[in-house]
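# predicted model and sequence follow; I will ask about them next.
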2 protein chains.
Amino acid sequence: MLKKQLIMEKALELFSEQGFEATSVQQITERCGISKGAFYLSFKTKDELIISMVEHYLQQFIADVDQVVRSSLSKDIILVEFYKSIFQAFKNNAASARVFFNEKVLLSKKELFQKIMAYDADMSKSIIYMLEQLYQDELHETKYDVMYCIKGFMKSYSELFIFSDIPLDLDQLAKSLAEKTEIIARHTTIPFITEELVQLTPEPYNEKVSQESLLELIEQYLNGLEESIERESLELLKFQVENPTYSKPILKGLIENIRLQPDYRWVAYVIAKYFNI
Amino acid sequence: MLKKQLIMEKALELFSEQGFEATSVQQITERCGISKGAFYLSFKTKDELIISMVEHYLQQFIADVDQVVRSSLSKDIILVEFYKSIFQAFKNNAASARVFFNEKVLLSKKELFQKIMAYDADMSKSIIYMLEQLYQDELHETKYDVMYCIKGFMKSYSELFIFSDIPLDLDQLAKSLAEKTEIIARHTTIPFITEELVQLTPEPYNEKVSQESLLELIEQYLNGLEESIERESLELLKFQVENPTYSKPILKGLIENIRLQPDYRWVAYVIAKYFNI
DNA sequence: TTGACAAATGACCGATTAGTCATTAGTATA
DNA sequence: TATACTAATGACTAATCGGTCATTTGTCAA
């Protein structure tokens, strides 16, 4: 487990410097100070490595954003907090962002392409959820356009984090983009992304979380967790997946316990989705 | 010259299908129906090929956009025409866009990275020029933010062309984005990209066009041009570069002649820049 | 100290790559 | 036809790649 993390860290550095295809397994193992054989004890192939890395990064990102979106923050600050969490993530993981948001070589690997599209759809859903909470019926036809604009702001402004090292005022940035979003939401009258258009775009194949696969996921995360409140919470939740008896508030509380552990936000996100919380 | 074009075309197909690194020179030559040796008569290395392709594509794109921006279209339609030209380019070159706007492997090649940044800066300048024409002093501090938003819209909405084949109404799209741009420009009050921030970002090394290099470029384009009004115009302009005597309107007229030939928009753009037109 | 097992090694393999160059094919001139 | 020149070929090389596996090293309990 630790070896896997080491490899992923060092590989990220190298991919960020040279790109995925241009980095050899040899180079990765050299930087890790391990042998080539040891690499293949952790990952079956080089592709499995990059897939794991992409999943890890995107899962964190999506779970982070979703947490803000589903939080009970008041309407007037939720947009600001939304942007803050996004760019905080960019700042903290500039190297990852460089590799995964840009290196679309990844897209030529069909398995990854599917997954990335699915994660992107998750992100879209979170944004739409936020917009619906914020504006309810005020946005008639322009909901999806506002969502596209938000994603455009993210893409455009994230370059500041990816291509330069200038220290940036995240609060100011978040405020500025929140205002822009607000303005677009309030004033747009000509929609382009209509409901029909959304229907036309092929729904990315989003593995619906089965009870089985969720139990497997939880088991996997339990392995990395020593005796603690978080572990107990996760164990309780595992039983609940098999045999639900607790009320929603209790479930939500248990999930929040898990979310406190940064590396466990993804499993919290998936469980919350499973219980529709 | 023709061989080069053939190679670039077929290579684009393959890169679009498999990515750059995953495509071998062998595959390219096979699809072209030529030998491996013949490839190396046209390009010194595989890298030189991808660099040429990126340059060709970006040059077309930038020259197209700049033409609209510098045109004498009335203020109320220029934004719409601007977006129309951009997405027309995306539509016509979806394959190129797929490869060059996304495959940022390219960025790991430092020479290309520099060039792409320089082209991006050209694009930014065109957009800023347009905004200054449109809003003059009405935009105080938010000029650069509006520019970032425009680039964000481009990035976000271009996905529709890159990841799906749904037929899209370009007019509607252009109108919708023009409205959004207008709204942002009129209402934004909280800037983030300040003049100082722009000063801080390292000016991309933009080869200033020397007389020599311009003459070389013109010569290169003259080779591909048979006897015609366009050729005569370009020849006249060549003499003007060496020894300027004509007035601006005449120069502008000659440049417009060149621009009529689609493949020659780039040289027209560079000459116009040289003469400050 | 021994023996049993797991963890880790790195030499090795077949496949593939970018790039070269001696050779040939094609064409224009005399 | 003979000569001279360029355009084009593809077998070849040296290097590198992802991945394997017989072997060694390290770590336990007995």
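Arrived safely.

# show me what contacts the residue nearest to residue A:211 when sequence neighbours are not counted?
Spatial nearest neighbour of residue A:211, excluding adjacent residues (Cβ to Cβ, 6 or more residues apart in numbering or on different chains): residue A:241 at 6.1 Å. For every residue, glycine as well, the C-beta is placed using N, CA and C. Contacts for residue A:241 (Cβ atoms under 8 Å, 6 or more residues apart in numbering or on different chains) come out as A:211, A:214-215, A:218, A:271, A:274.

# what's the burial count for residue A:167?
8 (other Cβ atoms under 10 Å in any protein chain shown).

# list the residues that contact residue A:66.
Taking Cβ under 8 Å, 6+ apart, one finds A:122, A:126, A:269 in contact with residue A:66.

# which one of these is nearest residue B:224?
Comparing the contacts of residue A:66 against residue B:224 with Cβ to Cβ picks out residue A:122 as the nearest, at 49.2 Å.

# list the buried residues for the host helix or strand of the closest one?
Taking DSSP states H and E as the criterion, residue A:122 maps to helix A:110-135. By 16 or more other Cβ atoms under 10 Å in any protein chain shown, the buried positions in helix A:110-135 come out as A:112, A:115-120, A:122-128, A:130-131, A:134-135.

# rewinding a little: dump the contacts of residue A:241 into JSON lines; add neighbour count, distance to residue B:182 and pLDDT as well.
Formatted as JSON lines, those follow (neighbours: other Cβ atoms under 10 Å in any protein chain shown; distance: Cβ to Cβ, whole Å; pLDDT from 0 to 100):
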{"residue": "A:211", "neighbour count": "10", "distance to residue B:182": "51", "pLDDT": "90"}
{"residue": "A:214", "neighbour count": "19", "distance to residue B:182": "47", "pLDDT": "92"}
{"residue": "A:215", "neighbour count": "13", "distance to residue B:182": "52", "pLDDT": "92"}
{"residue": "A:218", "neighbour count": "19", "distance to residue B:182": "50", "pLDDT": "90"}
{"residue": "A:271", "neighbour count": "25", "distance to residue B:182": "44", "pLDDT": "93"}
{"residue": "A:274", "neighbour count": "21", "distance to residue B:182": "44", "pLDDT": "92"}
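
# inside helices: which ones of those?
A:211, A:214-215, A:218, A:271, A:274 (DSSP state H).

# among the residues you listed, which two are most distant?
Going by Cβ to Cβ, the pair spanning the ones in helices among the contacts of residue A:241 furthest: A:211 and A:271, at 11.5 Å.

# does residue A:8 touch residue A:50 like I think?
No - contact criterion Cβ atoms under 8 Å: residue A:8 and residue A:50 do not qualify, at 9.7 Å.

# what about the two, which has more around it?
residue A:50 (24 against 20).

# number of residues surrounding the spatially closest residue to that one that is not a sequence neighbour?
Nearest residue to residue A:50, sequence neighbours excluded (Cβ to Cβ, 6+ apart): residue A:20, at 5.8 Å. Residues within reach of residue A:20, counting by other Cβ under 10 Å, total 23.

# residue A:20 in helix, strand or coil?
At residue A:20, secondary structure determined by DSSP: H, G, I helix; E, B strand; the rest coil is coil.

# is residue A:39 in a helix, a strand, or coil?
Counting by three-state DSSP, the backbone at residue A:39 sits in helix.

# so who does the residue nearest to it when sequence neighbours are not counted touch?
The shortest distance from residue A:39 to any residue other than its chain neighbours is 5.0 Å, reached at residue A:29 (Cβ to Cβ, 6+ apart). Contact partners of residue A:29, counting by Cβ under 8 Å, 6+ apart, are A:35-36, A:38-39.

# what's the closest of those to residue B:76?
Closest to residue B:76, out of all of these and judged by Cβ to Cβ, is residue A:39, at 61.1 Å.

# point out where the stretch 51-200 of chain A drops to low pLDDT.
A:101-109 (pLDDT under 70).

# tell me where it has helices.
Using DSSP state H, counting those that start in this stretch, the helices of the stretch 51-200 of chain A run over residues A:75-92, A:94-97, A:110-135, A:143-162, A:170-187, A:195-200.

# out of those, which is the most enclosed?
The highest mean neighbour count among the helices of the stretch 51-200 of chain A, using mean count of other Cβ atoms under 10 Å in any protein chain shown, belongs to helix A:143-162: a mean of 22.

# my guess is residue A:27 contacts residue A:13. True?
No - under the criterion of Cβ under 8 Å, residue A:27 makes no contact with residue A:13, lying 10.1 Å away.

# what residues does chain A put near DNA strand C?
Within reach of DNA strand C by Cβ under 7 Å from any atom of the strand, chain A has these residues: A:3, A:33-38, A:40-41.

# need the buried ones from those residues selected in PyMOL.
Of the residues of chain A next to DNA strand C, the buried ones can be selected in PyMOL as follows, counting by 16+ other Cβ under 10 Å:
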select buried, chain A and resi 34
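
# so the residue in the stretch 151-277 of chain A that DNA strand D sits nearest to: helix, strand or coil?
Going by Cβ to the nearest atom of the strand, DNA strand D is nearest to residue A:226 of the stretch 151-277 of chain A, at 17.7 Å. Of the three states, residue A:226 takes coil under three-state DSSP.

# the residue minimising distance to the centre of chain A and residue A:54: what is the separation?
For chain A, the residue nearest the mean C-alpha position is residue A:62 (2.3 Å; Cα atoms, centre = their mean). Residue A:62 sits 12 Å away from residue A:54, going by Cβ to Cβ, to the nearest Å.

# ditto for residue A:99
From residue A:99 to residue A:54 the distance is 9 Å (Cβ to Cβ).

# these two: which is more packed in?
Higher neighbour count among residue A:99 and residue A:54: residue A:99, with 28 against 20, using other Cβ under 10 Å.

# got a list of what residue A:32 touches?
A:6-7, A:10, A:39.

# which SSE is the residue lying closest to it once chain neighbours are set aside in?
Sequence neighbours aside, residue A:10 is the residue nearest to residue A:32 in space, at 4.9 Å (criterion: Cβ to Cβ, 6+ apart). Residue A:10 is part of helix A:2-18 when elements are defined by DSSP H and E.
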